[in-house]
Every structure is written in structure tokens, then in C-alpha cells.
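>>> predicted model and sequence follow; I will ask about them next.
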Number of protein chains: 2
Amino acid sequence: MPDFERRIPEGDSRERMVCRDCGHIDYENPKIVAGAVVAHEGRILLCKRAIEPRRGYWTLPAGYLELGETVEEGAKREAFEEAEAAIEIEGMLAVYSISRIGQVQIIYRARFADPANPAFAAGEESEEVRLFDWAEIPWDSLAFPTVRWSLDAWRANPLGALGAPSGNPPDDPRGNRPRMRV
Amino acid sequence: MPDFERRIPEGDSRERMVCRDCGHIDYENPKIVAGAVVAHEGRILLCKRAIEPRRGYWTLPAGYLELGETVEEGAKREAFEEAEAAIEIEGMLAVYSISRIGQVQIIYRARFADPANPAFAAGEESEEVRLFDWAEIPWDSLAFPTVRWSLDAWRANPLGALGAPSGNPPDDPRGNRPRMRV
């Protein structure tokens, strides 16, 4: 079992997690979540989570960026893994800082790669994947606040040129609200 | 000394670095660099690096985002650490993926917090900090390609409302060029 202690390594100015056994320093930097609002004829692709946290709640296809990927590639991979959807990125919709849990979420506006064949299916981490009309969106069953924020950002600009990306809402500039509150 | 091996942990689908001694999994995710083009009366703040890599070359104030920070807070902290400058963020200028080295750079357009007193000085990691007129920018002595990309993005929109953030240039969409080529 790893046995980490929190201390300031030599030459550093911050506490880090250092393994007592081997001296390895585990730099805990914020992680990037890449995701997309994928729309087709005004409907939006949402995934019902098959895994914790927030199993059974609806989310956008999104997940941790991996080494060697661009952010756009990460968003496309997640859409493929979670919704078996091949997508094209249209532009950047939003950048959110969830400082409380060390995440930065970069959310794109996207469409199906082949709009004549908007194919999707539940990937391994999803119970169900659906296209929702705006009026049908299950607002009370969204998995995370940033799903709502992203949908609102999409609603403000569902088509055409994208402006500067949206950020955190004014009442939660640092992403400090508990994860479960939407 | 840490003794890591590369293998796929149980329940994962990718190779990770796993410590042979303690079993700790070192998830190597991309890191976020937060930075700013800080302008004052048309001149731009650049820092001459006092540390490797690219010691002696000029860069924007920028550095790794730390846990617990928003991206904007990280950009402000770096300007304070590297250039002893108190800045205000105006908006997002660019998002670059440097997939080759696992970085995502988020660059803001910024100004001095007190424009009547645009104070700055060399921080610990800088040999020198200067405001440059556009015509004086040391293009042949810039530290990284993204410094040039960011300056070009600023030049395209030095004032007024910011549009969608710039991304990688078309001839390097994945950030695959060697770091030293500018």
C-alpha cells in the first residue's frame, strides 16, 4: 500500500504528497475534463450514468483528458466511449473552473460527424443515451452543475459563430458549490 | 528512489506508471498552464527566463495551475510570481493543446490592476521583466512557440470584446513541433 506524507520537498514552496517508502513526489495538479454538447436538429445528446458518482443521473459525454491528446481529441474520444457517437467539434462553448475538486472543464459545441446518420448507443459507462428536446431535458436529474451551465451556454448560442467561451456563473465563480447541487 | 513500471492496472484500459514498491498508480494526466498577455498602453509585458528550459529567452508570465485555483487565479498568481505584477483578467485569448508534452495552455488578455501605476519587477524565476512595444518584441529570442502564438492572438484583438479563443495554428494542430522551435 502506498504510504504518502504531506511535506514541502526541497526546492519547492508548496506541500506535496511524498511517498515515505520511495520518495516519489505525487504532484497533484488540476485535471482537465473535455466534453461536448452534441446537438442534432435542436436536440441534445445526454448519457445516463452507469457508474458512480451520480449513477442514474444524466450528463454530457465528457471525461478526463489523457496524455498525448489535444482537448478536442479528448472530447471526441469521450463521445465515442460514452455514447458511441462520432462527432465533429464546432467550437469552444465554455471553460469552467471547479477549484474545489481540482478540475477545469473545457466544453465544446459539436454535431454528429455524419448528420444524415446520427448514430449513438450506450457505451460502457452509460445506462442509456438519448437525444432530448430542450423542453424534455431532465433538469432535476442532471449529474453535475456544469451540465446545466453547459446546456445554458448552448441555449444562448446553439448555432452560428461562437463568441468568448462562457465561464463559471457569477454566483459560483470558483466552482465551490458541492458537486451534487445542480 | 521511486521504482515505477508501466502496466495496465486492474479495471483500467491504459498503461499507467505503477510503483513496484508500494503499488501507487501515478496517473499522468495533461497539465494546465495558465498565463496572460499583459498589455499597458500598447506595450506587452515579457519575462526573461532565469531558469531552464530556455533560460535567457523571453516568455509570457505563465505556469502550472495548482490545486484549489481557478484558471484565472493561476494566471494572476504567475504574473505576480514571475513579474511581480498585480493584474486584472480581461478575457480568454487562447487555448492551446501541446499534446507532445501533455500540456493545455490557457492564455488570457490582461491589464495592470492599477493602470496608473503599472508596477512590475523580476520575480525569482526571471532575470529581467520589460514592457515591449510591438516593434521591439524579440521574436528570435522567444522561449516557446505558444508565446508567439499568444502574441499573434493578442495582435489580432488587442482591445474590445474577445471572440472565440484562438487555438493551435493550422500547421500544428496537435502541438507536435519541438518545444524550441518558434
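On my side now, so go ahead.
>>> can we go C-alpha only for contacts and neighbour counts from here?
Noted.
>>> residues near A:Asn157, how many?
By other CA atoms under 10 Å in any protein chain shown, 14 other residues sit near A:Asn157.
>>> same deal with A:Asp114?
Neighbour tally, A:Asp114, other CA under 10 Å: 12.
>>> using the three-state scheme, assign it.
With DSSP: H, G, I helix; E, B strand; the rest coil as the basis, A:Asp114 sits in coil.
>>> now the helices for chain A?
A:71-83, A:145-156 (DSSP state H).
>>> which of those sits closest to chain B?
Judged by CA to the nearest CA, the one of the helices of chain A that comes nearest to chain B is helix A:71-83, at 6.4 Å.
>>> where does chain A have its least confident helix or strand?
Within chain A, no helix or strand scores below strand A:25-26, which has a mean of 74 by mean pLDDT, DSSP states H and E.
>>> closest to the centroid, which residue in chain A?
The residue lying closest to the centre of chain A (CA atoms, centre = their mean) is A:Ala62, at 3.9 Å.
>>> sorry, back to before: strand partners of the least confident helix or strand of chain A, parallel vs antiparallel please.
Strand A:25-26 has its sheet partners listed here by DSSP bridges as strand A:16-19 (antiparallel).
>>> hang on, A:Lys76 packs against A:Ile87?
Yes: counting by CA atoms under 8 Å, A:Lys76 touches A:Ile87, with 6.1 Å between them.
>>> what about the strands in chain A?
Per DSSP state E, chain A carries strands over the ranges A:4-7, A:16-19, A:25-26, A:31-40, A:43-49, A:58-59, A:62-64, A:87-98, A:103-112, A:126-132.
>>> tabulate these (a markdown table), appending distance to B:Pro170.
Shown next, in a markdown table, are the strands of chain A (distance: least, CA to CA, whole Å):
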| stretch | distance to B:Pro170 |
| --- | --- |
| strand A:4-7 | 43 |
| strand A:16-19 | 38 |
| strand A:25-26 | 35 |
| strand A:31-40 | 21 |
| strand A:43-49 | 29 |
| strand A:58-59 | 32 |
| strand A:62-64 | 25 |
| strand A:87-98 | 15 |
| strand A:103-112 | 18 |
| strand A:126-132 | 33 |
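>>> if we can go back for a sec, how close does the residue nearest to the centre of chain A sit to chain B?
15 Å (CA to the nearest CA, to the nearest Å).
>>> so what's the residue lying closest to that residue once chain neighbours are set aside up against?
Counting by CA to CA, 6 or more residues apart in numbering or on different chains, A:Gly35 is the residue found nearest to A:Ala62 once chain neighbours are left out, at 3.8 Å. Shown in contact with A:Gly35 (CA atoms under 8 Å, 6 or more residues apart in numbering or on different chains): A:60-63, A:74-76, A:78-79, A:105-108.
>>> just put those in a markdown table and tack on distance to A:Pro53.
A markdown table is the format used below for the contacts of A:Gly35 (distance: CA to CA, whole Å):
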| residue | distance to A:Pro53 |
| --- | --- |
| A:Leu60 | 14 |
| A:Pro61 | 14 |
| A:Ala62 | 14 |
| A:Gly63 | 13 |
| A:Gly74 | 20 |
| A:Ala75 | 20 |
| A:Lys76 | 22 |
| A:Glu78 | 17 |
| A:Ala79 | 18 |
| A:Gln105 | 17 |
| A:Ile106 | 20 |
| A:Ile107 | 20 |
| A:Tyr108 | 23 |
